[in-house]
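S.K.: what's the 3D shape of this:
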Amino acid sequence: MSEKIVVIGSNSFSGTSFVDYALNNGSEVIGVSRSPEPDSVFLPYKWNKPDKLSNFKFYQMDINNHLEAIIELIKTVKPGYVVNFASQSMVAESWAHPEHWMMTNVVSTIKFHDALRKCDFLKKYVHISTPEVYGTCQGIIPESTNYNPSTPYAVSRAAADMSLMAFYKNYKFPVVFTRAANVFGPGQQLYRIIPRAIFFFLTGRKLQLHGGGHSVRSFIHIRDVADGTLRVMRHAQHGEIFHFSTLRNISIRSVVELIAEYLNIDFNESVEIVDERPGKDTAYLLDSTKAKNKLGWSDKITLEDGIKETIAWVKNNLEALMSQTPDYVHKP
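M.R.: So this is what the prediction gives:
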């Protein structure tokens, strides 16, 4: 019998990519998201895989407004695993309505955890956290690094993480945490820097680069992260935290320059430098040694190959993407 997984936030880029990866690895998956399924261009589990879709069911429910229904679904399905990607996820926008971030990422999420801890059939709960909880860091940081959040988004995620760790220590709640570097790949929403740069360059629009793009990040392909998440779900010990990152750190500007080079676009004519966003961390660089040693995980897809794959996805779906808004639309 295949393992049964409930994925909360299955419409998110990381969520839908994990659903696709888990289906390809023989799992039965129940997806839950607050919005209807988006255009299939953003759903890799629908790309030429009709045989796999029989193992997937989707339910439109919101952790803020349908928590009882979500818990009832989980009690009915009795999955061995719950993987939670749901959150208010935008960093800069969290300054405008911090209460929305606190409601979803703290209040509703902790209510969800409190109900979930009473489900004795649950083998493991995978909480998808974020390196934003560390704030700006010096050097390459391990999972034991203290929290130093610098935005409402990061504060809200750190609060939920600390609450979950207390649940683990007090209730033996079977939680494990993951934190990944900047994910990218085919299917990512157009407000993220890599698909946005590709889409804007291909459609002749000028790309705004905040703060000149000098912030340093590690960009990791989403399939490498989905692989790590599935390994955590299956093999990690309760209470553990795992990082997923590459060894390559690169400025956002250099990534955009690389995309411009691949598309034969003049960077200076196609990019507009604008002010930095408030509270943006200049760097967070994650040490993934623990995931490599304990889970046998490693990143396999290079930045160059991933960008070329993402360029091909945008080009092949340009007509469908033209009908989508390229900007983030906030939903409370």
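
S.K.: In this structure Y21 contacts A226, no?
M.R.: Yes: at 3.7 Å, Y21 counts as touching A226 under the criterion of CB atoms under 8 Å. Using the backbone N, CA and C atoms, a C-beta is placed for each residue, glycine as well.

S.K.: between those two, which one's more packed in?
M.R.: A226 (26 against 21; other CB atoms under 10 Å).

S.K.: Show residues contacting the strand or helix carrying that one.
M.R.: Here A226 sits within helix 222-235, counting by DSSP states H and E. For helix 222-235, the external contacting residues (CB atoms under 8 Å, 6 or more residues apart in numbering) are 3, 5, 13-14, 17-18, 20-22, 25, 81, 83, 124, 126, 128, 176, 178, 180, 183-185, 187-188, 240, 242, 244, 291, 294-297, 299-301.

S.K.: Now that helix: buried residues?
M.R.: 222-234 (16 or more other CB atoms under 10 Å).

S.K.: And stretch 191-198, by the same measure?
M.R.: Quick answer for stretch 191-198 (16+ other CB under 10 Å): 193-198.

S.K.: Stretch 263-274 now?
M.R.: 263, 265, 267, 270-271.

S.K.: Stretch 105-123 now?
M.R.: Within stretch 105-123, the residues scored as buried using 16+ other CB under 10 Å are 105-109, 112-113, 115-117, 122.

S.K.: how about TSV for those residues, with distance to E319 and pLDDT added?
M.R.: Converted to TSV, those look like this (distance: CB to CB, whole Å; pLDDT from 0 to 100):
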residue	distance to E319	pLDDT
N105	35	93
V106	40	94
V107	41	94
S108	37	96
T109	37	96
F112	38	97
H113	42	98
A115	43	97
L116	41	97
R117	47	96
L122	43	98
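
S.K.: just these now: which is nearest Q88?
M.R.: Closest approach between the buried residues of stretch 105-123 and Q88, by CB to CB: N105, at 5.7 Å.

S.K.: Show the contacting residues for that closest one.
M.R.: Counting by CB under 8 Å, 6+ apart, N105 makes contact with 87-88, 153, 156-157, 159-160.

S.K.: Likewise for G187?
M.R.: 13, 16-17, 41-44, 222, 313.

S.K.: and with 6 Å instead?
M.R.: 42, 44 (CB atoms under 6 Å, 6 or more residues apart in numbering).

S.K.: measure it to H221 for me?
M.R.: Distance check for G187 against H221: by CB to CB, to the nearest Å, it reads 12 Å.

S.K.: what's the answer for Y21, then?
M.R.: From Y21 to H221 the distance is 12 Å (CB to CB).

S.K.: How about P326?
M.R.: 22 Å.

S.K.: Which residue of the two possesses the greater neighbour count?
M.R.: In terms of neighbours (other CB under 10 Å), H221 is the more surrounded of P326 and H221; the figures are 24 against 15.

S.K.: My read is that that one contacts G185, right?
M.R.: Yes: between H221 and G185 there is a contact at 5.1 Å, judged by CB atoms under 6 Å.

S.K.: Find the residues that touch each one of these two.
M.R.: Listed as contacting both H221 and G185 by CB under 6 Å, 6+ apart are G306.

S.K.: How many residues are close by V155?
M.R.: 19.

S.K.: now do K206
M.R.: Using other CB under 10 Å, K206 has 11 other residues around it.

S.K.: Determine how far the last residue of stretch 200-212 lies from the first.
M.R.: For stretch 200-212, the separation between the terminal residues is 17 Å (CA to CA, to the nearest Å).

S.K.: Distance from it to the middle of the chain?
M.R.: 23 Å (CA atoms, centre = their mean, to the nearest Å).
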